[in-house]
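In: coordinates for the following, if possible.
(one chain, ligands or ions: 1)
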Amino acid sequence: MQKRQLDIFSKILRDGGYDCEMYASTFDFIKDKGNVTEEEFLRIPFSYKSDIRANNLEKRSNHLSNTFGIFGSSGTTGNKTYYKFSMNDRAVFDRIATKIMHRVGANDKDLGIICAPVLDGVMAHTMMWEYTAIGGGYVNCPIPSPENFMSVLNNAHPTIVSGLPSALDFSLAPDFTVPEDSSVRLFLSGGSFFSNAKRKVIEDKWGLSWFDFLGVSEIFGPIMGECHMKNGLHYDPELLLVEIIDPDTMRPIEEGGKIGMLVITPLWNKGSPLVRYWTDDWAYIMDEPCECGEAGNRIFVCGRKNDYLSINGNYVFPRDLEQIVFSEANSPEVYVDLTEDNKVVVYTRGISEQGKKDFIKLFNTELEFSTLEVFENMKAHKPSLFSKKIKEYFN
Ligand SMILES: [Zn+2]
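Out: The predicted structure follows:
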């Protein structure tokens, strides 16, 4: 934690930026609100998704900045919640979005295709505003079926695709050919994991460049993004106080490369304040300077709290499995489960000897591999790469 970050936090706290019913007595123990010490900051309790859900919109709202709108979280990881998005949030968003977009080379000539349903959740709105922030344009594809996507592509000629990492999965079908006059040059994805192996397959197929960003829908949409090195997410430490929390000690991990829980305190006067927000994402600090030369900080987000395995102290995330299967087949589908007699079995369309070795190295145990026939029968019932049973077995 930097002294500068504590100074900014202290100023916002002293000036009432965190005033709301949900945090009514949270900061009472702090001696001098204009001068919060690191030890005091670390005593502030985390804010969990459950705290947000337990407090209604009014209890979480701060009244220092006019309301721009009321938006919701996506609800993908639990119940949807609504929050006040203030004029100040919008101003900060424009600053962050401009940085994210310019970093990947997007400009005012670009037209984005937004592959997301435009509902009350903040994500699709902020994906649109990313373009308006830089003077670019956008076209919505709220039901992004392959047919709808291709129709927008052929009629509006978008240059950038915004959506989930699965937005272009339909194009992995062997019989799909990218139109020769495709205008798409960038793909900006957030909201879920993807592997570099899959990134390469999609990039080669479309002749585009794919960049990841991190969206936290309780803060607002995109708050961090990749640069051309495609190695970790850049962010501004004067806007986001990021902690990587060791789940055993519940203290911040200072060293780079060690995985912990991502906790974020937005450092501005937010419409619905959040302090030490527990994101439920696993991440680590990247403490070496990025080769792109940009100052500021970087983290790598590994995966979600409810979708990982802990094997002999090592973490295995869905993107690790995808990395292996995409290295040899253009298929995103792979599942891991336990047999009746507790043997770990990998379900894929088929895998090479090298792929098997890679899986065995990852799991550090003997593995069984499904036949194609068994895989085809299994996949209709598989919502996640890891079954509940195997998570209980390892974690
Ligand atoms: Zn960089």
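
In: where does pLDDT dip in the chain?
Out: Applying pLDDT under 70 to the chain flags the ranges 74-78, 330-332, 381-384.

In: list the buried residues for the longest helix along it?
Out: For the chain, the helix that runs over the most residues, judged by DSSP state H, is helix 87-103. Residues of helix 87-103 classed as buried: 88-90, 92-93, 96-97, 99-101, 103 (neighbour count, 16 or more other Cβ atoms under 10 Å). Where C-beta positions appear, they are placed from N, C-alpha and C, glycine not excepted.

In: just the residues you listed now: which is nearest the ion?
Out: The ion has its nearest neighbour among the buried residues of helix 87-103 in residue 103, at 7.8 Å by Cβ to the ion.

In: spatially nearest residue to that closest one, not counting backbone neighbours?
Out: With sequence-adjacent residues excluded and distances taken as Cβ to Cβ, 6 or more residues apart in numbering, residue 103 is closest to residue 227, at 5.2 Å.

In: which element, helix or strand, includes that neighbour?
Out: Applying DSSP states H and E as the criterion places residue 227 outside every helix and strand.

In: that one: neighbouring residues, count only.
Out: Neighbour count of residue 227, defined by other Cβ atoms under 10 Å: 20.

In: how far away is it from the ion?
Out: 3 Å (Cβ to the ion, to the nearest Å).

In: what ranges do the strands span in the stretch 1-150 of the chain?
Out: Secondary structure of the stretch 1-150 of the chain (DSSP state E, counting those that start in this stretch): strands at 67-72, 82-86, 111-115, 137-140.

In: check the stretch 151-300 of the chain too.
Out: Under DSSP E, counting those that start in this stretch, the stretch 151-300 of the chain gives strands at 160-163, 186-189, 209-216, 220-225, 233-235, 240-245, 260-266, 277-285, 297-304.

In: at which residues are the helices of this structure located?
Out: Going by DSSP H, the chain shows helices at 3-14, 38-43, 49-54, 57-60, 87-103, 122-133, 146-156, 196-206, 318-328, 353-363, 372-378, 388-394.

In: any chance of a markdown table for the buried residues of helix 87-103, columns distance to the ion?
Out: Listed next are the buried residues of helix 87-103 as a markdown table, based on distance: Cβ to the ion, whole Å:
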| residue | distance to the ion |
| --- | --- |
| 88 | 28 |
| 89 | 26 |
| 90 | 26 |
| 92 | 21 |
| 93 | 21 |
| 96 | 16 |
| 97 | 17 |
| 99 | 12 |
| 100 | 12 |
| 101 | 15 |
| 103 | 8 |
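
In: can you tell me which of these lies nearest to residue 373?
Out: Among these, residue 100 lies closest to residue 373 (Cβ to Cβ), at 44.8 Å.

In: and residue 213, which of the strands of the stretch 1-150 of the chain is closest to it?
Out: Checking the strands of the stretch 1-150 of the chain against residue 213 by Cβ to Cβ gives strand 111-115 as the closest, at 12.8 Å.

In: can you name every helix or strand that the closest one contacts?
Out: Strand 111-115 is packed against helix 122-133, strand 137-140, helix 146-156, strand 160-163, with contacts defined by 3 or more Cβ pairs under 8 Å, 6 or more residues apart in numbering; DSSP states H and E.

In: can I get the strands of the stretch 151-300 of the chain in a markdown table with mean neighbour count and distance to residue 196?
Out: A markdown table is the format used below for the strands of the stretch 151-300 of the chain (neighbours: other Cβ atoms under 10 Å; distance: least, Cβ to Cβ, whole Å):
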| stretch | mean neighbour count | distance to residue 196 |
| --- | --- | --- |
| strand 160-163 | 26 | 18 |
| strand 186-189 | 23 | 13 |
| strand 209-216 | 22 | 10 |
| strand 220-225 | 26 | 16 |
| strand 233-235 | 22 | 14 |
| strand 240-245 | 21 | 22 |
| strand 260-266 | 22 | 20 |
| strand 277-285 | 21 | 16 |
| strand 297-304 | 20 | 12 |
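
In: redo these as TSV? Include distance to the ion.
Out: Below are those laid out as TSV (distance: least, Cβ to the ion, whole Å):
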stretch	distance to the ion
strand 160-163	19
strand 186-189	16
strand 209-216	11
strand 220-225	10
strand 233-235	6
strand 240-245	16
strand 260-266	19
strand 277-285	14
strand 297-304	7
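
In: the ones you listed: which one's closest to residue 37?
Out: Minimum separation from residue 37 across these (Cβ to Cβ) falls at strand 240-245, 14.1 Å.

In: who touches that closest one?
Out: With Cβ atoms under 8 Å, 6 or more residues apart in numbering as the test, strand 240-245 has contacts from 1, 5, 9, 46, 223-224, 235, 251-253, 258-267, 276, 278, 283-285, 297, 299.

In: show me what contacts the nearest residue to residue 37 once chain neighbours are set aside?
Out: Of all residues not flanking residue 37 in the chain, residue 6 sits nearest, at 7.4 Å (Cβ to Cβ, 6+ apart). Contact analysis of residue 6 by Cβ under 8 Å, 6+ apart lists 36-38, 41.
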